[in-house]
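[1] Fold the following, please.
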Amino acid sequence: MRDVLNRREYLKLTTGATGVFALSGCTGNGNGGGNGNGNGNGNGNGNGNGNGQSAVPLPSITNRSGPGSENGIPIAEAEGDLIQYINDEDLLDIDLEYHDRDAAYDPTQILEVYEAFKNEYEPGMILGDGSPSGHTLAETTAADEILQIIPFGTLSPAVGVENSYHATISNDYITQNRAALELIAQEDPGAKVNLIVPPGNPAGVESAPALQYAEELDLERGEVVDHELQAASADSLMERMAANDVDWAVHTTGAPAHTVVLSSRAEVYPELNLVGVGPACTERRAAQSPDLYEGTYWISSMKTFDEVAFGDGPGADVLQTVWERYRDEDLENADPEVAVVDYIRGMAMVDLARRILEITLERDADPESGPDLRESLYMIEDYAGWETMAPRTYTEEDPRGNMAARAYVAGDGEWEFLNEIVLERDDEWLPSEML
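    Numbers count the residues shown, from 1 in each chain. Predicted coordinates:
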């Protein structure tokens, strides 16, 4: 094993009197650092590896605080763990130099962190926190020719930007919401359906067009209703749905807000059937509130943590090694705040970055050039990220890597896999035609 700089050394980003951010760590003659859980080996020499060669920087805009932190923390933990794993296992002919900075799900901070990363490291590729960074940085990353990889689906407007430098692991929210409508049509033909979205949030912007698909499925189309990410109650929302005889609702937002909706449903309108989409549900939430989640549904483009960790795919061996080597935990009793589907999203993000770099090096292209990395992205076919999701094929013409989603139902505090839902590829669903 090479003597590498521990990639889990998190940069400290401080705010001065003028509000300008300053970066530190990982670039000077540092001593290495912790891995996010106190297990750092501190053996780095500050240049990314132990043999005097420069490492390729891979900065990440993370979401460790703010309204989406429950999803963001395990994603960030996965990034640090898996980049360390890639370096230690020599999975690339280069080392990756990881830097992450919390932007708290806030567009202003996302821009500031991005500019700081760009000026400090001149990266060809960055990891993003999800749709907030995908939307906020769409035009900027395209203009700067920096490829951005994000865990949550961002379809609009990021991929609508000409020459977009953008890739996602999860499906876009419109696709996942359409898959939720397919599930409802299977379970309850002719039902009346509403969509619950966070106002002004990228997930809401992306989700709203999906409700049009209800009519194609012979479902009764309801309305799109707003629910704040940090709302303490959804009672008025439930009263409104009860008054309008809504049978089903599809909820697209983070896990804390989804639990709020479930709590109000139990009190006000228990007859309503609910489907959570993407980050709305996690294994942790179902385990913590089994009665609230019982019988509810979930649409995800990723496999759950346990499906990957204890399945027969390559991800099981990777997670076993990572948990023993870096997290000092028994995988079967792993931290429930980290061992969730979001960790799998972060894991897949890092592996996609690895695959892009691998192809770039095979082509003798520049691993720090955004255009070269983007060209490599579009050479990837049937990519499943250690079998964490349905295979994806990336093309410039159609940014939807796949049209497959996984349906789950909650029972006794656990998510049971039901079936995979694969949508037709419709040219009218392309961003240029739809949005």
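
[2] which secondary structure element contains the residue lying closest to residue 151 once chain neighbours are set aside?
    Nearest-residue entry for residue 151: residue 345, 4.0 Å, with adjacent residues in sequence omitted and distances by C-beta to C-beta, 6 or more residues apart in numbering. For glycine as for every other residue, the C-beta is placed from the backbone atoms N, C-alpha and C. Element membership of residue 345 [criterion: DSSP states H and E] is helix 341-362.

[3] What helices and strands are in contact with that helix?
    Counting contacts by 3 or more C-beta pairs under 8 Å, 6 or more residues apart in numbering; DSSP states H and E, helix 341-362 packs against helix 69-88, strand 96-102, strand 125-127, strand 147-150, helix 305-309, helix 314-322, helix 370-377.

[4] can you map out the strands along the stretch 1-150 of the chain?
    Along the stretch 1-150 of the chain, counting by DSSP state E, counting those that start in this stretch, strands occupy 14-15, 21-22, 56-62, 96-102, 125-127, 147-150.

[5] Give me the mean pLDDT for the second one.
    Rounded to a whole number, the mean pLDDT of strand 21-22 is 32.

[6] Check the fifth one too.
    What strand 125-127 shows for mean pLDDT is 98.

[7] who's in contact with that strand?
    Contacts to strand 125-127, defined as C-beta atoms under 8 Å, 6 or more residues apart in numbering, come from residues 58-61, 79, 100, 114, 117, 141, 146-150, 349-350, 353, 356-357, 370, 373.

[8] switch to 7 Å and redo it
    Residues outside strand 125-127 that contact it (C-beta atoms under 7 Å, 6 or more residues apart in numbering): 58-61, 79, 117, 146-149, 349, 353, 356, 370, 373.

[9] farthest-separated two in those residues?
    79 and 370 (19.3 Å; C-beta to C-beta).

[10] Pick out whichever of these two has more residues nearby.
    Remark: of residue 79 and residue 370, residue 79 carries more neighbours, 27 against 21, as counted by other C-beta atoms under 10 Å.

[11] what about the stretch 151-300 of the chain, any weak spots by pLDDT?
    156-158 (pLDDT under 70).

[12] mind redoing it with 90?
    For the stretch 151-300 of the chain, the stretches with pLDDT under 90 are 152-164, 170-174, 198-210, 212, 228-231, 252-255, 278-279.

[13] Can you show me the helices along it?
    173-187, 202-207, 213-216, 235-243, 255-268, 283-288, 290-293 (DSSP state H, counting those that start in this stretch).

[14] And the residue lying farthest from the centre of the chain, how far from residue 222?
    Here the chain reaches farthest from its C-alpha mean at residue 243, the gap being 35.2 Å by C-alpha atoms, centre = their mean. Distance, residue 243 to residue 222, using C-beta to C-beta, to the nearest Å: 12 Å.

[15] do the same with residue 203
    For residue 203 relative to residue 222 (C-beta to C-beta), the value is 18 Å.

[16] Neighbour count for the two, which is higher?
    For residue 203 and residue 222, the more surrounded residue by other C-beta under 10 Å is residue 203, and the numbers stand at 28 against 21.

[17] Was I right to think residue 225 contacts residue 199?
    No. Residue 225 is beyond contact range of residue 199, at 9.5 Å (criterion: C-beta atoms under 7 Å).

[18] Who has more neighbours out of these two?
    More crowded of residue 225 and residue 199, by other C-beta under 10 Å: residue 225, with 19 against 12.
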